[in-house]
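Visitor: Pasting a predicted model and its sequence here:
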Amino acid sequence: AQSVTQLDSQVPVFEEAPVELRCNYSSSVSVYLFWYVQYPNQGLQLLLKYLSGSTLVKGINGFEAEFNKSQTSFHLRKPSVHISDTAEYFCAVSDVQGAQKLVFGQGTRLTINP
Amino acid sequence: KAGVTQTPRYLIKTRGQQVTLSCSPISGHRSVSWYQQTPGQGLQFLFEYFSETQRNKGNFPGRFSGRQFSNSRSEMNVSTLELGDSALYLCASSLITGSYEQYFGPGTRLTVT
């Protein structure tokens, strides 16, 4: 079984400041890793994913994440945030054996202040 | 290409009633998964259907069921509704089962009174 812990439930930052949203996971098997974003009253949109290969993954909207196997982490970063980045961000894992099931963290609410 | 569509978007039901939610996947996608999102429990996997067969099931009571049609459209049903079933129900589709990317619809907001 897998579990995901997002270490911060809320992260307030000023516009144009850098941000890091932290995610740690636990699993007895190899996993794929994902970050999704949810804007108010909308579904989830995939930001980026790690399947294999380079541990630094670049996604949409200027976000990137780094997979650290030894620390079982997959932190999301953006060097300069915009007001439009205000949303809830979810880290998720799935089993590489092929199970379609995504296991999500509790989410981090990112608030950008002008 | 049209995205995942879910109907209805909002629904209000009374305890004890049953409800059916519908999901139309992206054209060509054959796998449909359902998730429940609540403030307390977060996002939880309900089940996945691929080629009209349930392939995976989450830890939900038997009141929650689903099915998939030959055109890959899916429905989920909740019988004997409880207040705790109030949630946003999200549907996600992917090209094949075990796929690395799931595309989510906007969800159906169910309120049970």
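Guide: Ah, there it is.
Visitor: Quick one: neighbours of A:K101, just the number.
Guide: 21 (other Cβ atoms under 10 Å in any protein chain shown). Placement of C-beta: from N, CA and C, glycine included.
Visitor: likewise A:T111?
Guide: Using other Cβ under 10 Å, A:T111 has 13 other residues around it.
Visitor: mind listing what the spatially closest residue to it that is not a sequence neighbour touches?
Guide: Nearest residue to A:T111, sequence neighbours excluded (Cβ to Cβ, 6 or more residues apart in numbering or on different chains): A:P12, at 4.6 Å. Residues near A:P12 by Cβ atoms under 8 Å, 6 or more residues apart in numbering or on different chains: A:111-113.
Visitor: now do B:L90
Guide: A:43-44, B:6, B:34-37, B:43, B:104-105, B:107.
Visitor: Mind putting the residues you listed into a markdown table with pLDDT?
Guide: Converted to a markdown table, these look like this (pLDDT from 0 to 100):
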| residue | pLDDT |
| --- | --- |
| A:G43 | 91 |
| A:L44 | 94 |
| B:Q6 | 97 |
| B:W34 | 97 |
| B:Y35 | 97 |
| B:Q36 | 98 |
| B:Q37 | 96 |
| B:L43 | 96 |
| B:F104 | 95 |
| B:G105 | 96 |
| B:G107 | 96 |
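Visitor: Between the residues you listed, which sits nearest A:S73?
Guide: Nearest to A:S73, judged by Cβ to Cβ, of those is B:L43 at 19.8 Å.
Visitor: Give me the nearest residue to that closest one, chain neighbours excluded.
Guide: A:F104 (4.0 Å).
Visitor: okay, the spatially most central residue of chain A: pLDDT?
Guide: Taking Cα atoms, centre = their mean, the centroid of chain A lies closest to A:W35, which sits 3.4 Å from it. With respect to pLDDT, A:W35 scores 97.
Visitor: Backbone dihedrals for it, please?
Guide: phi -120, psi 130 (degrees, to the nearest 10).
Visitor: pull the helix or strand with minimum mean pLDDT from chain B.
Guide: Of the helices and strands making up chain B, the lowest-confidence element is strand B:53-57, at a mean of 91, by mean pLDDT, DSSP states H and E.
Visitor: Off-centre distance for that one?
Guide: 12 Å (Cα atoms, centre = their mean, to the nearest Å).
Visitor: where does chain A come near chain B, residue by residue?
Guide: Applying Cβ under 8 Å from any Cβ of the partner chain, we find that chain A lies next to chain B at A:32, A:36, A:41-46, A:49, A:51, A:90, A:92, A:94, A:98-107.
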